[in-house]
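> Quick one, fold the following:
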Amino acid sequence: MSEPRRRCGAALLCAFAFAAQAEEAKDPAPDVHAPLALEAGTWDVAVDFLDPATGAPNGSAKGRQVNTLLPNGHWIANDLQIWGADGRSVDFAGHGTWGWDAVAREYVDAWVDTNDGAMRIDHGFWVPEQQALYWTAQQPDGAGHMVTYRMTETFAGDARRLEFFQVALQSGRQVKLAEMHFKRVRP
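I've put the predicted structure just below:
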């Protein structure tokens, strides 16, 4: 076979391989972007902190989250601010971007905030019947350990709730650290 024909054959083979990969990467159903649309908008948030040992409430805070849906509806950017005791200064700030990863075929989120020294990468799945997203993540703690976190986010119209859990390193017990209650201020 001549060199030009071999190159043409190789190029066609590559084109077919890329087309097959693109077909596999397509979203499995049109509703994979539904939870992003549910989260878009500006939300007031009330946070309840829980004592890891007892589960009893040990503090609360208020803040605001602005969630901007990208024009294609496939990704959303989250900006969260929690106010200080004066109700005006920012005591905590976090930023994340998440959406449906059509290649990995799961929801992924990259999150950074003022409490952590490392980025947290979350992996999740959506249960439409429950209107709930379930997330899991591992994050280095700076002492050579990977800490496992789990989050559950449920949607109910203009309200949503995020429960934040840590899995204890030694016992494996799931410990609820915080519960966040969101109320939509504007779409």
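> Tell me which stretches of the protein form strands.
41-50, 57-69, 75-83, 90-101, 106-113, 120-127, 132-140, 146-156, 159-167, 174-186 (DSSP state E).
> Mean neighbour count added to the ones you listed, as JSON lines?
C-beta: built from backbone N, CA, C; applies to glycine. Formatted as JSON lines, those follow (neighbours: other Cβ atoms under 10 Å):
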{"stretch": "strand 41-50", "mean neighbour count": "17"}
{"stretch": "strand 57-69", "mean neighbour count": "15"}
{"stretch": "strand 75-83", "mean neighbour count": "17"}
{"stretch": "strand 90-101", "mean neighbour count": "17"}
{"stretch": "strand 106-113", "mean neighbour count": "17"}
{"stretch": "strand 120-127", "mean neighbour count": "17"}
{"stretch": "strand 132-140", "mean neighbour count": "18"}
{"stretch": "strand 146-156", "mean neighbour count": "16"}
{"stretch": "strand 159-167", "mean neighbour count": "17"}
{"stretch": "strand 174-186", "mean neighbour count": "16"}
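> now for the ones you listed, which one comes closest to Asp31?
Closest of these to Asp31 is strand 120-127, at 8.0 Å (criterion: Cβ to Cβ).
> Quickly note the distance from the closest residue to Trp75 other than its chain neighbours to Val32.
Counting by Cβ to Cβ, 6 or more residues apart in numbering, Trp75 lies nearest to Gly99, which is 3.7 Å off, once chain neighbours are set aside. Look at Gly99 and Val32: by Cβ to Cβ, to the nearest Å, they are 9 Å apart.
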